[in-house]
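Asker: got a predicted model here, sequence first, then my questions.
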Amino acid sequence: MIGAILRMFSEERVTVMSSQTAIFLMDVAEFVLWSVLGLLVWKKKLHHRFPAMGAYVALRLASMPALLVLVYGQMYHWLTNFCTAAYFYLYWAVYIASALLLFFVCIEVFRSALAAFPGLQRLGTMVFRWAALVSAIVSLSTLSLARPGVCILTDIAYRLMRSVSIMELCLLAFLCLSLNALRLSIRGMPFGIALGFGLVSANDFVASSLLSRSTSLTSLLQFVYESVILVSLGIWVTYCALPELARRAVLMPANSFILRWNEIASALGHTGTRVAVQETPNEFFLADAEQNAEKILVVNLKSRESVA
């Protein structure tokens, strides 16, 4: 009996240790992939084409080592109080900064996808910004102020990231539906960036939904969540490593709906040539003026006759 109990505890300890080791190895693999991605972005000068994406990669590369040191400092009790407080503030600061950068990444991908249609690009970017603002306002309007102190910071961060995640999924759906119409390629960087962020967003939604229903799947979901992140990073590294196909000139028929919408969008917001318009006097006003002039002339004539 005692031997069985000891054996059971030893097996649980081995399982816990093996899961922690696996998570640690996945964290190391994630940092390595972020490093490779940052090197490729810098080498191919993609940060000039997608500045927000370059800033997002730089933010993850700069913050991930510090976060790993702090989280393992909590596990192994290295200055526990300091590590806990520092990890909390650093994690949520990076989380909010990531949400804001992802908004600009979505705009960059959207503008790059519509680069051949400047009218639709300008109008679509304006609509995209308003949609993002409305989404953020709706998300923050449901914020509860019952949680005091810094705990409200986590609610704000979650709602901002949720709004951005919805935008990322909508952007990926838009690109998938308009590949042929916009003459885009699956091997293009805009589609690759949107595909990676779409997987990450779907991963966040599924993980948060399952965790809210059952906490017994926490360890399994953690493995699946990290695996999807590694897959997304692998997609970005692959797109950056492979040579991108040069985008061909977009040839559209003269009666194309997209071409017409692009012309309409180009005309919106632009004032045409100004034409000087001379206002025509009102005929009723002229008639009244003539009658008054005649009356004055008659009065003058009568006054002269009476003097004579």
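Answerer: Received, thanks.
Asker: just the terminal-to-terminal distance for stretch 72-88.
Answerer: This stretch, stretch 72-88, spans 13 Å end to end (C-alpha to C-alpha, to the nearest Å).
Asker: average model confidence for that stretch?
Answerer: Per-residue pLDDT over stretch 72-88 has a mean of 73.
Asker: cool, stretch 46-66 as well?
Answerer: The predicted model gives stretch 46-66 an average pLDDT of 91.
Asker: in it, which residues are buried?
Answerer: Neighbour counts using 16 or more other C-beta atoms under 10 Å place 46-47, 50, 52-58, 60, 63-64 of stretch 46-66 among the buried residues. (Glycine included, C-beta is placed from N, CA and C.)
Asker: contacts for it, please.
Answerer: Stretch 46-66 has contacts (C-beta atoms under 8 Å, 6 or more residues apart in numbering) with 30-31, 34-35, 37-38, 40-42, 90, 94, 97-98, 101-102, 104-105, 107-109, 112, 189, 193, 240.
Asker: can you rerun that using 6 Å?
Answerer: For stretch 46-66, the external contacting residues (C-beta atoms under 6 Å, 6 or more residues apart in numbering) are 31, 34, 37-38, 41, 94, 101, 104-105, 108.
Asker: quick one: which of the residues you listed is nearest to Tyr158?
Answerer: Of all these, Val94 has the smallest distance to Tyr158: 14.0 Å, by C-beta to C-beta.
Asker: identify the residues contacting that closest one.
Answerer: Counting by C-beta under 6 Å, 6+ apart, Val94 makes contact with Ser63.
Asker: and it, how far is that from Leu169?
Answerer: In this view, Val94 and Leu169 are 22 Å apart by C-beta to C-beta, to the nearest Å.
Asker: can you check Trp92 too?
Answerer: 23 Å.
Asker: what do you get for Leu70?
Answerer: With C-beta to C-beta as the criterion, Leu70 and Leu169 are 31 Å apart.
Asker: which one of these two is surrounded by more residues?
Answerer: Using other C-beta atoms under 10 Å, the more surrounded residue of Leu70 and Leu169 is Leu70, with 20 against 17.
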